[in-house]
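>>> Sequence and predicted model, in that order:
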Amino acid sequence: MARAVVIGGGIGGLATAQALQARGWAVDVLEERDLAPVGAGLAVAPNALRALDTVGLGDAVRERAAIGTGGIRTWRGRWIMPTDVDEMRRRFGDTIAIVPRAELMEILSGGAVAPAIHTRTRAVLTDAGDRDRPARITADDGREWEADLVVAADGIRSHTRETLFPGHPGPVHSGFTTWRLITEGVDASVSAESWGPDGSVGIMPLADGRVYLYAMSRVPAHTPAGDERAGLLRRFGRWHDPIPQVIDRADPGAVLRNDVWHMATPLPAHHRGRVAVVGDAAHAMTPNLGQGACQAIEDAVVLAHAVGKGDAVPERLPAYTAARLPRTSAIVRRSAAVGRMSLVRNPLGRALRDNGTVLTLRLLPSLFFGPVEETLGWRPPTDGSRPERSARYGA
């Protein structure tokens, strides 16, 4: 039986563990921290749902999700790009599934993967391996692993990536800062992102009646933080309903703030030796397309397909890079461009952007839907051994 070691127990690492186990691999997941519930909400787009279907987990997400569509409004509430659930289903076979991040992590860490997860285990790659020798990983406590495949899923500050590609510049600050929160007791029936003079705000109702809000603004990196909820109300308190109400009802201590960094320079490859790099470690991106977690899930199933049952891993990994590097690099660029467009400050520039988007959707919809089709229309590789749609979770 082929053996893999996954460094990092986030979404990309756990999804990869699920995908490899589904193909008969023995897997160990080494996570430096506890798998405690963190984060706020998450959008799982149709492309990622298809990827999860290949490991039998797509319906588990759908069952816990609220429907999202990704429409865009101005900060005063006028629709720039209206939501259309039926059109999304027609084009992609699914809507966007909005779930709490903690619930997605619970799904990915369950089943046969659960016993393979080693928390509080800080591990480093000591040998990337090659055709004639396995890769080696060493933990701080002295434990060692040999593996046919190592998966670097250790996030945007990946030490494994730095070991493999020491000359790469790594992530750079995007110029943006984001805030995320979940609140309750507010009526918000429509998911949408709003663009205005101080940034952008997304509202996404969750299936349990709570509301997920995320916001983005141009803030220099490492700007000192104060009362984050009060700061959000200063920036967005005069925007259209229910944005002020959602912020006002948030627990001040539960507002998550993060400077946004991304991989503006693509890696030269997504593998080296017997090591594959997935998720933010390979292609960290701004959140503007909602594709960070989705691309990590895609990585997982494409990698598992590329390495198969585990024979000749070094010869198989170039196919993983060939499949993932061009796609993820394009999405990183596209996401950053949408971020810049959403944060235009000049009133005339915002008017031109908003009216131009409306006219484009009316007169030349292919200019808009072309890139969307490229992102959401992706389908996972298949060898015909699994159904197109997953079975019910736990069935």
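Nice, I can see it.

>>> Next, the most centrally placed residue in the chain: secondary structure please.
What sits nearest the mean C-alpha location of the chain, by Cα atoms, centre = their mean, is residue 293, with 1.6 Å. Here residue 293 takes the helix state, with states given by DSSP: H, G, I helix; E, B strand; the rest coil.

>>> what's the nearest residue to it if we skip its chain neighbours?
Leaving aside its chain neighbours, residue 293 sits nearest to residue 11 (4.9 Å; criterion: Cβ to Cβ, 6 or more residues apart in numbering). C-beta: built from backbone N, CA, C; applies to glycine.

>>> Tell me, how many residues neighbour the one you found?
Using other Cβ atoms under 10 Å, residue 11 has 27 neighbouring residues.

>>> Which pLDDT value goes with it?
Looking at residue 11, its pLDDT stands at 97.

>>> My read is that it contacts residue 104, right?
Yes. Counting by Cβ atoms under 8 Å, residue 11 touches residue 104, with 6.7 Å between them.

>>> for the residue nearest to residue 293, what are its contacts?
Going by Cβ atoms under 8 Å, 6 or more residues apart in numbering, residue 11 touches 104-105, 108, 279, 293, 296-297.

>>> sorry, back to before: and for residue 11 and residue 104, which residues touch both?
Common contacts of residue 11 and residue 104, defined by Cβ under 8 Å, 6+ apart, comprise residue 293.

>>> follow-up on the earlier one: mind listing which of the contacts of residue 11 are in helices?
Under the assignment DSSP state H, the contacts of residue 11 contribute 104-105, 108, 293, 296-297 to helices.

>>> need those residues in JSON lines with distance to residue 245, can you?
Compiled in JSON lines, these are given as follows (distance: Cβ to Cβ, whole Å):
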{"residue": "104", "distance to residue 245": "26"}
{"residue": "105", "distance to residue 245": "28"}
{"residue": "108", "distance to residue 245": "32"}
{"residue": "293", "distance to residue 245": "27"}
{"residue": "296", "distance to residue 245": "33"}
{"residue": "297", "distance to residue 245": "33"}
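
>>> Return the member of these nearest to residue 363.
Set against residue 363, the nearest of the ones in helices among the contacts of residue 11 by Cβ to Cβ is residue 293 (33.7 Å).

>>> Return the residues in contact with that closest one.
Residue 293 sits next to 11-12, 42, 44, 48, 104 when contact means Cβ under 8 Å, 6+ apart.

>>> Retrieve the pLDDT associated with it.
Residue 293 is assigned 97 on the pLDDT scale.

>>> and the residue lying closest to residue 263 once chain neighbours are set aside, how many residues sit next to it?
Among residues not flanking residue 263 along the chain, residue 284 sits closest, at 4.9 Å (Cβ to Cβ, 6+ apart). By other Cβ under 10 Å, 25 other residues sit near residue 284.

>>> hang on, residue 284 packs against residue 292?
Yes. Assessed by Cβ under 8 Å, residue 284 is found in contact with residue 292 at 7.3 Å.

>>> Pull up the overlap in contacts between the two.
With Cβ under 8 Å, 6+ apart applied, the contact sets of residue 284 and residue 292 do not overlap.
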